[in-house]
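Trainee: The amino acid sequence is not available; the structure is as follows:
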């Protein structure tokens, strides 16, 4: 073993023998032996030519005495268009009438959002004040074991009897059951996979048989065959040892290697394996050599930092993140990666191994789904945020149908005519939920983008804007700016649909300005160019929103043919503490004018700011100095 440098990041070594052979009760070994035998029988029972329903029935008969399954639901996404669900076990009984049924549109987003979220988050708890029903209610309950299908977009959820929880051994068993069901769902493409499952179970059964003679649990249950690292079950065993020996201030770390566009998932198994091997080598070169590195699933890894503190853990993870800035060269493919990580601490958090791992996983999910940071430690507030996020995802679709949204408008004032009539406004959406209350857009817009409801919501806003502009009291020269999401740009007929809505209310496209942030425009440059050209041809004006917060590359002003540049509030605020921002702001306004662009400065709250941007030559301003966002009725 190489000598470890003496520094704060390298804690003491944990003896690997403590995790490769650990005696346990004979009862557990007998249970493991029975379960492996039932799985072995099951993998031999199902076959390529068998009936799907008959296979499910055999699975039920073989497993019903091995684990407490009160309910079981399968779901799959069909042709990229709709969800189908099949309830195969209800109140411990097999459903003889089970069949795939198309999911109601109101529950579509519930399943889709749950499928996108990590199991640890989806099952970490629920708010009893939020009402759900059907499949959505089943999947949003706590204590559910969820597995994705292999090769098919869908998954399976197992629920124990109310009040019970699945143990780590139950979860290991259900993972294999789900793998067999996954084969049954997609036999044409996964016949080889059943053989892999059979061989894996056969190996476990053989080792358990030996274990029953010497009362030792087999290492095969705790080692990942893909990576030869500890498996998730093995990592839980390590955490258990940490807890039992009271090694306080130990940090449980879960990290994910995110690739651009999930690129690695498109490659074959051989290339994926090469990717994992190179990733492991890169991680091992940095983390403490304490034999805790574990492979959780997909591209997620975990390890433990003993006797440490948050600053050291963050420094270590930052080193790993920096190591992945350079792409991984895998079989001539250049794979660009980004590290996201979450961690929990034994002593400040739970002392249950499953809970400690779940907390780290929840922190990881927060790091993956927010802009707050790439490395996040677990806090109770995170769970509350993520549960609210999940609840909002479930409620969004019905909120549109129930008219819970409303549009407020903030004036955009011409500097030269500050005391004259207002001719332009920005539309800002608000969600007033009957139980939760007012929900700000920064809490639900990204959720709507994730589950696709932003499409429906976007058209609703356009329609509401047209209703306001078509009122008899509103002059023809009044226009409104509307924000666009990059998800909306993916709609092939987006431009025509918006034109159709305008035609319905006899509104000219010249009265509508479409806004998109510079960072959002960068997500798909070519698509953005194409859509912007279509909008320009139809007569719409285009505005780059939030300039100064993202990439701030002036070349974007040329590439995307904007008409208006909006300088963000945070940029304006910085001018008060750093003169350099004022110098840059003045230069940007001049450059915009040289490119024949109009300029709007946002977030103007003081007369000092107003006088400053006026001196730059800004044509229009927006902010609380002149008006807060208000209902349309307050203006007309």
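Mentor: In hand now; what should we look at? Treat the numbers as computed from the prediction; the structure is a model and nothing was measured. Residues are numbered from 1 along each chain as shown.
Trainee: residues contacting the residue nearest to residue 352 when sequence neighbours are not counted?
Mentor: Spatial nearest neighbour of residue 352, excluding adjacent residues (Cβ to Cβ, 6 or more residues apart in numbering): residue 243 at 7.7 Å. From N, CA and C alone the C-beta is placed, and that goes for glycine too. Contacts for residue 243 (Cβ atoms under 8 Å, 6 or more residues apart in numbering) come out as 346, 351-353, 356.
Trainee: Serialize the residues you listed to CSV and add fields for secondary structure.
Mentor: Below are these laid out as CSV (DSSP: H, G, I helix; E, B strand; the rest coil):
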residue, secondary structure
346, strand
351, coil
352, coil
353, helix
356, helix
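Trainee: Of the residues you listed, which is the most crowded?
Mentor: With neighbours taken as other Cβ atoms under 10 Å, the top of those is residue 356, carrying 26 neighbours.
Trainee: From residue 360, how far off is the most centrally placed residue in the chain?
Mentor: Centroid-nearest residue in the chain: residue 369, 4.5 Å away (criterion: Cα atoms, centre = their mean). In this view, residue 369 and residue 360 are 15 Å apart by Cβ to Cβ, to the nearest Å.
Trainee: can you pull the contacts of the residue nearest to the centre of the chain?
Mentor: Residues near residue 369 by Cβ under 8 Å, 6+ apart: 386, 389, 446, 450.
Trainee: confidence score at it?
Mentor: We have a pLDDT of 75 for residue 369.
Trainee: All the strands of the stretch 301-450 of the chain, residue numbers only.
Mentor: Secondary structure of the stretch 301-450 of the chain (DSSP state E, counting those that start in this stretch): strands at 328-330, 333-335, 337-346, 375-377, 405-411, 413-414, 424-433, 437-439.
Trainee: picking that back up, quick one: least confident of the contacts of residue 369?
Mentor: Lowest pLDDT among the contacts of residue 369: residue 386, 71.
Trainee: For that one, the count of nearby residues, please.
Mentor: 23.
Trainee: Let me know whether it touches residue 364 as I believe.
Mentor: No: applying Cβ atoms under 8 Å as the test, residue 386 and residue 364 come out as separate, 11.0 Å apart.
Trainee: From the chain's centroid, how far away is the helix or strand hosting residue 182?
Mentor: Residue 182 is part of helix 168-185, with elements assigned from DSSP states H and E. Taking Cα atoms, centre = their mean, to the nearest Å, the mean C-alpha location of helix 168-185 is offset from the chain mean by 24 Å.
Trainee: quick one: average pLDDT of that helix?
Mentor: Here the average pLDDT along helix 168-185 is 77.
Trainee: want to throw the contacts of residue 243 into a markdown table with distance to residue 414 and pLDDT?
Mentor: Shown next, in a markdown table, are the contacts of residue 243 (distance: Cβ to Cβ, whole Å; pLDDT from 0 to 100):
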| residue | distance to residue 414 | pLDDT |
| --- | --- | --- |
| 346 | 60 | 88 |
| 351 | 63 | 73 |
| 352 | 62 | 81 |
| 353 | 63 | 85 |
| 356 | 58 | 90 |
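Trainee: Quick check: of these, which lies closest to residue 590?
Mentor: Among the contacts of residue 243, residue 356 lies closest to residue 590 (Cβ to Cβ), at 56.3 Å.
Trainee: Quick check, the closest one in contact with residue 252.
Mentor: Yes: contact criterion Cβ under 8 Å: residue 356 and residue 252 qualify, at 5.0 Å.
Trainee: Give the residues shared as contacts by these two.
Mentor: What both residue 356 and residue 252 touch, as defined by Cβ under 8 Å, 6+ apart, is the set 239, 344, 346.
Trainee: State whether the first one is indeed within a helix.
Mentor: Yes: the assignment for residue 239 is a helix, going by three-state DSSP.
Trainee: which ones are touching the nearest residue to it once chain neighbours are set aside?
Mentor: Among residues not flanking residue 239 along the chain, residue 353 sits closest, at 3.9 Å (Cβ to Cβ, 6+ apart). Contact partners of residue 353, counting by Cβ under 8 Å, 6+ apart, are 168, 236-237, 239-240, 243.
Trainee: Residue 229 too?
Mentor: Taking Cβ under 8 Å, 6+ apart as the test, what residue 229 contacts is 223, 280, 293-295, 301.
Trainee: ranges for the strands of the stretch 501-636 of the chain?
Mentor: 512-517, 541-547, 564-567, 598-601, 620-621, 630-631.
Trainee: Rebuild those as JSON lines, extending it with distance to residue 476 and mean pLDDT.
Mentor: Listed next are the strands of the stretch 501-636 of the chain as JSON lines, based on distance: least, Cβ to Cβ, whole Å; pLDDT from 0 to 100:
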{"stretch": "strand 512-517", "distance to residue 476": "13", "mean pLDDT": "90"}
{"stretch": "strand 541-547", "distance to residue 476": "16", "mean pLDDT": "85"}
{"stretch": "strand 564-567", "distance to residue 476": "20", "mean pLDDT": "90"}
{"stretch": "strand 598-601", "distance to residue 476": "20", "mean pLDDT": "93"}
{"stretch": "strand 620-621", "distance to residue 476": "19", "mean pLDDT": "94"}
{"stretch": "strand 630-631", "distance to residue 476": "22", "mean pLDDT": "94"}
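Trainee: I'd like those strands laid out as TSV, including distance to residue 53 and mean neighbour count.
Mentor: Below are these laid out as TSV (distance: least, Cβ to Cβ, whole Å; neighbours: other Cβ atoms under 10 Å):
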stretch	distance to residue 53	mean neighbour count
strand 512-517	49	23
strand 541-547	53	23
strand 564-567	58	26
strand 598-601	62	24
strand 620-621	65	23
strand 630-631	56	13
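Trainee: and those strands as JSON lines, adding distance to residue 76?
Mentor: JSON lines is the format used below for the strands of the stretch 501-636 of the chain (distance: least, Cβ to Cβ, whole Å):
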{"stretch": "strand 512-517", "distance to residue 76": "34"}
{"stretch": "strand 541-547", "distance to residue 76": "38"}
{"stretch": "strand 564-567", "distance to residue 76": "43"}
{"stretch": "strand 598-601", "distance to residue 76": "47"}
{"stretch": "strand 620-621", "distance to residue 76": "51"}
{"stretch": "strand 630-631", "distance to residue 76": "44"}
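Trainee: Can you say which of these is nearest to residue 329?
Mentor: Closest to residue 329 of the strands of the stretch 501-636 of the chain is strand 512-517 (Cβ to Cβ; 33.3 Å).
Trainee: Run me through the strand neighbours of that closest one, direction for each.
Mentor: Applying DSSP bridges, strand 512-517 is found paired with strand 479-483 (parallel), strand 541-547 (parallel).
Trainee: contacts for the last one?
Mentor: By Cβ under 8 Å, 6+ apart, the list of residues contacting strand 541-547 from outside reads 479, 481, 483, 510, 512-519, 521, 532, 535-536, 556-557, 560-568, 571, 588, 600, 602.
Trainee: got the angle between it and strand 424-433?
Mentor: Here strand 541-547 runs at an angle of 70 degrees relative to strand 424-433 (axes from the mean of the first three to the mean of the last three Cα atoms, to 10 degrees).
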